[in-house]
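A.B. asks: Sequence and predicted model, in that order:
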Amino acid sequence: MSRKIKSILLTQLIIIVNFSFGQTSSEKASVKNIKNYNNWKWDKTFVAKNKFISVAVVPDAAGRVLEYNLGDVPSLWINPKLFGKSFSNDEHVKMKDWRNFGGYRLVPIPVKNCAVNKNGKKVKRWPPPVSIGDAPYQAEIIRKDDFTSIKVTSGVQNLPVPKFDYKSKSFSTPEKIEEQFQYSRSLHIEDNSSLVFIDHTLTNKGTNTIQRGLKISSQHVSRSKPELEDGENFVAHIPFSKEFKLPDGKQFHISVTPESRWRYINRNRMTLDKNNPEHVKKYFNHGTNWTGEVSPGIYETHYDYYLMGGIEMISSKSWLSYVNKTNNTAFVKMFEPYDPKLTYEDGANSVIFHSGLEDGYLETEVKTPIYTLKPNESFNYKEVHGAAKIKSTPILDVNQSGIITKKLTLDKKTRIITGEYGIFKAGKAILRTIDKTGRFEDTSIDNVDPLHPFSLKQKLKSNTIKSIELLIKNSKNKYYKLDTLSL
């Protein structure tokens, strides 16, 4: 072989190797501190990215997650009026002073006893406590084991907080600090998935025993364009079971009454007339967006701009979903299982809330149990968020492999098995058939990833199959179960 040919081949090999390494490195999860990310005007934004998702955390915006995107599709609503802003931890705030950056946020619960009024009674205050909800957080990047985490930590929150009295035009003055606690959150992502792993910690920093939990909320996009009110395209799902009822025996509570809805619209949207039959028919109700049970054990609601209120219930399978139907993109959150032995605020672990503030957003809210914490004690609470393209709604079930929109089903006449899914982990879809003796056979179906919905249609070869499993095999040859069917 001539030197010239060898040189050409070597050059081609180097190009191929460099291209291969480039492809590999682009798939890796990365974490960076980026100044003025997305032209948001903050000096620091910690951004975790891989080939499927981007997650952005802003320390000065109370440590909130202000971006969780699948490709170029956002899940979170953010408030452009507060870009680049930061606020002190001064608790002398009025109703109009809530610094709602948007995104993924939290409030301490119970909310009903965080403040004190002028008579010394424990009450709710809105805005919620500032140090944990509005003020800047400390942030750091932590590299440990096989992943890199973004950790944020609040200042110490003192309770009770003062409350403004509009009659006397003055703030109440708490006699003493009764509670002190501090919140921290760490999150990380994987190389080839859309999953976000989140750990929450609340620590008692005071000298008294406290009873506290967290309500953790995602404020979601509710319009496909700023000028449109197409809330029917933005839906949320809660799985429920008749086994789990609220303390009064009801399956759920809707916080909106016909009177409250009418008042809200009349004050904030348009002037209403109770002598106008069209107004009464359209607006004197608890909302027309509560779709109800769209599949056995699955409750759905869609966004309504002319509404301010929510639905509260027990998420029996410990997940919530938000779907943008204009582009068939689903974002879900999985959290710790409901435990009937523990105490929850109002007896529920989940809420779907419709906010008419700013330009409107749909909230999926997770409520932790209320924990009793002695001085220096803390509790930890875990969530896993996932995103995937899907073909249809409703969402029937969720696990850490993906979303099920049509479960595994076998047509006994044709012997064809079908199902439809959204995928969290990139890899190969594997259909595993298991016979009566426990022996199994794997059939490779297709490459799958979060950016493409997956439909299964496969004819079974054997008549002796006892059960079927749909698995995802990743690049490291690890298997993850997505769906099962017993025959």
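C.D. replies: Received, thanks.
A.B. asks: So what would you say the end-to-end distance of stretch 161-171 is?
C.D. replies: Using C-alpha to C-alpha, to the nearest Å, the end-to-end distance of stretch 161-171 comes to 10 Å.
A.B. asks: again with stretch 429-445
C.D. replies: Stretch 429-445 stretches 5 Å from its first residue to its last (C-alpha to C-alpha).
A.B. asks: who touches that stretch?
C.D. replies: Identification of contacts with stretch 429-445 by C-beta atoms under 8 Å, 6 or more residues apart in numbering yields 417, 423, 428, 446-448, 454, 456, 458, 460-462, 464-473, 479, 482. C-beta coordinates here come from the backbone N, C-alpha and C atoms, glycine included.
A.B. asks: Check the offset of it from the chain's centre.
C.D. replies: Going by C-alpha atoms, centre = their mean, to the nearest Å, the spacing between the C-alpha centre of stretch 429-445 and its chain's C-alpha centre is 34 Å.
A.B. asks: Also stretch 414-431?
C.D. replies: Using C-alpha atoms, centre = their mean, the offset of stretch 414-431 from its chain centre is 24 Å.
A.B. asks: Equivalent analysis for stretch 353-365, please.
C.D. replies: Distance, centroid of stretch 353-365 to centroid of chain: 14 Å (C-alpha atoms, centre = their mean).
A.B. asks: For that stretch, list every residue counted as buried.
C.D. replies: 353-356, 360-365 (16 or more other C-beta atoms under 10 Å).
A.B. asks: One more: stretch 461-480?
C.D. replies: Buried residues in stretch 461-480, counted by 16+ other C-beta under 10 Å: 465, 467-474, 479-480.
A.B. asks: Need the max-distance pair from the residues you listed.
C.D. replies: Ile465 and Asn474 (25.1 Å; C-beta to C-beta).
A.B. asks: Go ahead and report the secondary structure state at Ser131.
C.D. replies: The local conformation at Ser131, judged by DSSP: H, G, I helix; E, B strand; the rest coil, is helix.
A.B. asks: And for Glu259?
C.D. replies: For Glu259, the assignment made with three-state DSSP gives helix.
A.B. asks: how far away is it from Lys461?
C.D. replies: As judged by C-beta to C-beta, to the nearest Å, Glu259 and Lys461 stand 63 Å apart.
A.B. asks: same thing with His279?
C.D. replies: Using C-beta to C-beta, one gets 63 Å for the distance from His279 to Lys461.
A.B. asks: Could you give the bridge partners of Ile423?
C.D. replies: Gly402 (DSSP bridges).
A.B. asks: pLDDT wise, what is it at?
C.D. replies: What the model reports for Ile423 is a pLDDT of 98.
A.B. asks: Let me see the contact set for Leu106.
C.D. replies: By C-beta under 8 Å, 6+ apart, the contact list for Leu106 reads 132-133, 183, 200, 214-217.
A.B. asks: can you do 7 Å?
C.D. replies: With contact set as C-beta atoms under 7 Å, 6 or more residues apart in numbering, Leu106 has these partners: 183, 214-217.
A.B. asks: what pLDDT does it get?
C.D. replies: Leu106 is assigned a pLDDT of 97 by the prediction.
A.B. asks: Wait, a strand at it?
C.D. replies: Yes - when the secondary structure is assigned by three-state DSSP, Leu106 falls within a strand.
A.B. asks: Show me which of the buried residues of stretch 461-480 is closest to Lys51.
C.D. replies: Within the set of the buried residues of stretch 461-480, Asn474 lies nearest Lys51; the separation is 13.6 Å, counting by C-beta to C-beta.
A.B. asks: check contacts around the closest one.
C.D. replies: When contacts are counted by C-beta under 7 Å, 6+ apart, Asn474 touches 192, 425-427.
A.B. asks: Could you do Lys151 as well?
C.D. replies: Lys151 touches 139-140, 142, 184, 186, counting by C-beta under 7 Å, 6+ apart.
A.B. asks: where does the stretch 1-150 of the chain dip in pLDDT?
C.D. replies: Of all residues in the stretch 1-150 of the chain, those with pLDDT under 70 make up the ranges 1-26.
A.B. asks: ok so, going back, quick one, which of the contacts of Leu106 are buried?
C.D. replies: Of the contacts of Leu106, these count as buried by 16+ other C-beta under 10 Å: 183, 214-217.
A.B. asks: In the residues you listed, find the pair that's most separated.
C.D. replies: The largest separation in the buried ones among the contacts of Leu106, counting by C-beta to C-beta, is between Tyr183 and Ser217 at 13.9 Å.
A.B. asks: related to what we said a few turns ago, got a PyMOL select line for the buried ones in the contacts of Asn474?
C.D. replies: One line in PyMOL is enough to select the buried ones among these; burial here means 16+ other C-beta under 10 Å:
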select buried, resi 192+425+426+427
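A.B. asks: would you turn the contacts of Asn474 into CSV with distance to Phe83 and secondary structure?
C.D. replies: Converted to CSV, those look like this (distance: C-beta to C-beta, whole Å; DSSP: H, G, I helix; E, B strand; the rest coil):
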residue, distance to Phe83, secondary structure
Asn192, 32, coil
Lys425, 34, strand
Ala426, 33, coil
Gly427, 38, strand
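A.B. asks: quick one: which of the buried residues of stretch 461-480 is nearest to Lys242?
C.D. replies: When the buried residues of stretch 461-480 are compared for distance to Lys242 (C-beta to C-beta), Ser467 comes out closest, at 27.3 Å.
A.B. asks: Just confirm the closest one contacts Ser486, I think it does.
C.D. replies: Yes - under the criterion of C-beta atoms under 7 Å, Ser467 is in contact with Ser486, at a separation of 4.9 Å.
A.B. asks: which strands and helices sit next to the helix or strand containing Thr418?
C.D. replies: Mapping Thr418 onto the secondary structure by DSSP states H and E places it in strand 416-423. In terms of contacts (3 or more C-beta pairs under 7 Å, 6 or more residues apart in numbering; DSSP states H and E), strand 416-423 is packed against strand 378-389, strand 402-411, strand 454-459, strand 465-473.
A.B. asks: Tell me how many other residues surround Arg439.
C.D. replies: Using other C-beta atoms under 10 Å as the criterion, Arg439 is surrounded by 10 other residues.
A.B. asks: Please identify which of the contacts of Asn474 is nearest to Lys124.
C.D. replies: Top of the list for closeness to Lys124, among the contacts of Asn474 and by C-beta to C-beta, is Lys425 at 41.5 Å.
A.B. asks: Which pLDDT value belongs to the nearest residue to Val256 once chain neighbours are set aside?
C.D. replies: The shortest distance from Val256 to any residue other than its chain neighbours is 3.5 Å, reached at Gly309 (C-beta to C-beta, 6 or more residues apart in numbering). In the predicted model, Gly309 carries a pLDDT score of 96.
A.B. asks: just Leu431 next, same as before
C.D. replies: As predicted, Leu431 sits at a pLDDT of 97.
A.B. asks: and it, what element?
C.D. replies: strand 427-435.
A.B. asks: List the pairing partners of that strand within its sheet, with orientation.
C.D. replies: If you go by DSSP bridges, strand 427-435 pairs up with strand 440-448 (antiparallel), strand 465-473 (antiparallel).
A.B. asks: Now do the same contact list for the residue nearest to Val256.
C.D. replies: Shown here is Gly309, whose contacts under the criterion C-beta under 7 Å, 6+ apart are 254-256, 260, 354.
A.B. asks: ok, now how distant is Tyr306 from Phe284?
C.D. replies: Remark: distance between Tyr306 and Phe284 (C-beta to C-beta) = 12 Å.
A.B. asks: cool, Gln182 as well?
C.D. replies: Using C-beta to C-beta, one obtains 45 Å as the distance from Gln182 to Phe284.
A.B. asks: Look at those two and report which has more neighbours.
C.D. replies: Just comparing Gln182 and Phe284: by other C-beta under 10 Å the higher neighbour count belongs to Gln182, 18 against 15.
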